[in-house]
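K.L.:
Here you go, sequence then predicted model.
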Amino acid sequence: MSAHPEDALPIRLNVDDSDSPSDVVDALFLGRFATGEQPYSHSVNIERVRSGASLLPPRARVLRAARDDDRNTTLAEGDGWTVLVSRWNRGADVTVTATSAELAKEIVGQATDGAQDEPEPQPDDVTMGFWYVSPRRGPHRTTRQISAGTWPEVRQNYTGPVAEAMDGLMKTGPEDITGRLLLLHGPPGTGKTSALRTLARSWRDWCQVDCVLDPERLFSDVGYLMDIAIGEDEGTSKSRWRLLLLEDCDELIRGEAKHTAGQALSRLLNLTDGLLGQGRNVLVGVTTNEDLERLHPAVVRPGRCLARIEVGPLTHAESLNWLGTQAAQHESALGRDGATLAELYALRRGSTPPTVPGRREGADAGLYL
């Protein structure tokens, strides 16, 4: 048996024409950590780097610098430490190896001190998180400022019964939480996603809203699910709620989902009111185009849903009121059953309205799914 782990795993660097200079820099950085010369490591991710920040600590000696299409990589060293800086767009990863854990943490602090760029105040926007699995970094969360109107501004986009149901939902606070599942269902183009953006703004004082970009993977990958359900960002208040949005999850929650999706449905339900969700302030919001009758009975059972709202088209009269001064010129294009939000926006722009399946011929429902 080898006395040292580095003796059992000699470092060899094999490169070919598929590798970039940044890949070589990455490999060189690992050398001192692998041999045990610098056995401690500390890393920090910065989503928005301030313009002009070098992310290098004082007295750093640059050893390598590589610029690729998607990132810039810098390798530098100092007395007892080595730092790797990987930058892309506005974000960066800073990793330090050092002779002690305290030194590694200290150098990371020096490199990133004052480097975080705070976004400009945007009172009409809301911060929304986006989760996805990156091939390079695994489960990852990034944030964006999303424009969202207030509920009084967008209320006219919804037919009477839907608007009344949304009135109560928009006013919901943490003390009003009864179920953990929020279900919006109905035809494409009726404004389900728009309603969720407005909900994120209405709840932003007490609830962080995160959209999961790959929900089909979330419930098939236990590690990914645990990262989202249990992991919290450093500094996040434990009393703050989180709403995870899963859009267009028809196959997951329809009646035959138990057979087609295996354990995925069970894990979703476990996150809302099972052991996985116990002690966690997590809500799950699901949008689907399915009719209520086709949804799995376990999803819609009493007590599980905080709200279950069917978002349908506006009536003929409501559609004319929505069009306002353009109502007369577009009245002949409206069916007697009214129109969806996507169709009304198309009429206002003077383009051919998209079609909701089963209503008219056509294809795309636009941005108002």
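P.N.:
Sure, I can see it.

K.L.:
C-alpha from now on. contacts and neighbour counts both.
P.N.:
OK.

K.L.:
which residues sit against stretch 108-126?
P.N.:
42-44, 46-51, 53-58, 94-96, 145-149, 200-201, 204 (C-alpha atoms under 8 Å, 6 or more residues apart in numbering).

K.L.:
hmm, which of these are the buried ones?
P.N.:
The neighbour count (16 or more other C-alpha atoms under 10 Å) marks 42-44, 46-50, 55-57, 94-96, 146, 148-149, 200-201, 204 as buried among the contacts of stretch 108-126.

K.L.:
domain assignment for the chain?
P.N.:
Annotated domains of the chain cover 5-112, 125-310 [automatic domain parsing].

K.L.:
Turn those into JSON lines, columns for mean pLDDT.
P.N.:
Output for the domains of the chain, formatted as JSON lines (pLDDT from 0 to 100):
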{"stretch": "domain 5-112", "mean pLDDT": "88"}
{"stretch": "domain 125-310", "mean pLDDT": "81"}
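
K.L.:
Can I get the ones you listed in JSON lines including distance to residue 324?
P.N.:
What follows is the domains of the chain, written out as JSON lines (distance: least, C-alpha to C-alpha, whole Å):
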{"stretch": "domain 5-112", "distance to residue 324": "42"}
{"stretch": "domain 125-310", "distance to residue 324": "11"}
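
K.L.:
Which of these sits closest to residue 327?
P.N.:
Among those, domain 125-310 comes nearest to residue 327, with 14.8 Å by C-alpha to C-alpha.

K.L.:
And that closest one, end to end?
P.N.:
This stretch, domain 125-310, spans 26 Å end to end (C-alpha to C-alpha, to the nearest Å).

K.L.:
If the residue nearest to the spatial centre of the chain is in a bridge, with which residues?
P.N.:
Centroid check for the chain by C-alpha atoms, centre = their mean gives residue 130 as the closest residue, at 1.5 Å. Following DSSP bridges, residue 130 is listed with bridge partners residue 142, residue 211.

K.L.:
and it, what is it in contact with?
P.N.:
For residue 130, the contact set (C-alpha under 8 Å, 6+ apart) comprises 141-144, 210-213.

K.L.:
same question, residue 322
P.N.:
156-157, 344.

K.L.:
again with residue 263
P.N.:
219-220.

K.L.:
Check the secondary structure at residue 347 for me.
P.N.:
What DSSP: H, G, I helix; E, B strand; the rest coil gives for residue 347 is helix.

K.L.:
Oh, that last question was meant for residue 75, not what I typed.
P.N.:
Of the three states, residue 75 takes strand under three-state DSSP.

K.L.:
Is it in contact with residue 82, as I believe?
P.N.:
Yes. Counting by C-alpha atoms under 8 Å, residue 75 touches residue 82, with 7.4 Å between them.

K.L.:
Secondary structure of residue 84: a strand, I assume?
P.N.:
Yes. Assessed with three-state DSSP, residue 84 lies in a strand.

K.L.:
excluding its backbone neighbours, what's nearest it?
P.N.:
residue 75 (4.8 Å; C-alpha to C-alpha, 6 or more residues apart in numbering).

K.L.:
quick one: the one you found and residue 40, what's the gap?
P.N.:
Distance, residue 75 to residue 40, by C-alpha to C-alpha: 17 Å.

K.L.:
repeat for residue 168
P.N.:
For residue 168 relative to residue 40 (C-alpha to C-alpha), the value is 52 Å.

K.L.:
Between those two, which has more neighbouring residues?
P.N.:
Between residue 168 and residue 40, counted using other C-alpha atoms under 10 Å, the more crowded position is residue 40 (19 against 10).

K.L.:
My guess is the more buried one contacts residue 32. True?
P.N.:
No. If you go by C-alpha under 8 Å, residue 40 and residue 32 don't touch, sitting 9.8 Å apart.

K.L.:
returning to that earlier point: what is in contact with residue 75 and residue 82 at once?
P.N.:
Taking C-alpha under 8 Å, 6+ apart as the contact rule, residue 75 and residue 82 both touch residue 29.

K.L.:
Alright, calling it a day.
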